[in-house]
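below is the sequence, then the predicted model.
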Amino acid sequence: MFRNNYQRLQSMVEFIYRNFPFVVHVAFMGMECTGLASTNLDQVWIDPTEYALELKAAVLHLHRRAIPVSIYNLPLCLIPHEVWRFSKDSISTWKKIYLNQCEDCKMRQNCGGFFSTSVKQSSRISPIKNEEGEKGRKNGDEKRDEGFSRH
Ligand code: SF4
């Protein structure tokens, strides 16, 4: 997902469902901000929390239609609790990192972490307090939490 396509996730999954009956798995990929992505950051970067609702709707849309679906490359604190179960530990060990604030996170063992190779990380990373997804408060959390609870 990136700035140019997140608003089309819903129509994309509907297209997949209607036109590719043979599909065996759909993976939604968080962006690794390296290479051309890093040199075009202004055009492609979007904080994952800003497309959280679109991602949740797209993932659940496929799941309800019995299409296997996964989320790769996004830490749990940046995606809605309702789609945690689709998250995979997908980043290669050699380039996976955690941040200082992750030390206080109760979901650290279940979280896939971040790309060490990305030139930009979300500013909305915050430790999770429990398996229900309750988070510690950091700057920007209010905005993110409002967004997550609209649907
Ligand atoms: S705070 Fe927790 S959920 Fe967020 S990136 Fe760190 S370990 Fe993962």
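In hand now; what should we look at?

CA only for contacts and neighbour counts going forward, please
OK.

and what about the residue nearest the centre of the chain, helix, strand or coil?
The residue lying closest to the centre of the chain (Cα atoms, centre = their mean) is residue 74, at 3.9 Å. Secondary structure, DSSP: H, G, I helix; E, B strand; the rest coil: residue 74 is coil.

now it: closest residue in space, sequence neighbours ignored.
Residue nearest to residue 74 in three dimensions, not counting chain neighbours: residue 30, with 5.4 Å by Cα to Cα, 6 or more residues apart in numbering.

quick one: contacts for the one you found?
1, 2, 48, 71, 72, 73, 74 (Cα atoms under 8 Å, 6 or more residues apart in numbering).

what residues sit buried inside whichever helix in the chain runs longest?
Longest helix in the chain by number of residues (criterion: DSSP state H): helix 52-64. Using 16 or more other Cα atoms under 10 Å as the burial criterion, the residues of helix 52-64 that qualify are 52, 53, 55, 56, 57, 58, 59, 60, 61, 62.

among these, which ones lie close to the ligand?
When contact is defined as Cα under 6 Å from any ligand atom, those do not meet the ligand at all.

any idea which of those is closest to the ligand?
Proximity of the buried residues of helix 52-64 to the ligand (Cα to the nearest ligand atom) peaks at residue 52, which lies at 14.3 Å.

what's the nearest residue to the closest one if we skip its chain neighbours?
Sequence neighbours aside, residue 79 is the residue nearest to residue 52 in space, at 5.7 Å (criterion: Cα to Cα, 6+ apart).

I'd say that neighbour and residue 47 touch.
No - using Cα atoms under 8 Å, residue 79 is not in contact with residue 47, being 10.7 Å away.

more neighbours, those two?
residue 79 (23 against 15; other Cα atoms under 10 Å).

find the nearest non-adjacent residue to residue 16, please.
Residue 16 sits nearest to residue 23 (Cα to Cα, 6+ apart), 7.9 Å away.

separation between that neighbour and the ligand?
Residue 23 sits 30 Å away from the ligand, taking Cα to the nearest ligand atom, to the nearest Å as the criterion.

using the three-state scheme, assign that residue.
coil.

tally of neighbours for it?
11.

cool, and the one 10 residues further on?
Neighbour count for residue 33, taken as other Cα under 10 Å: 20.
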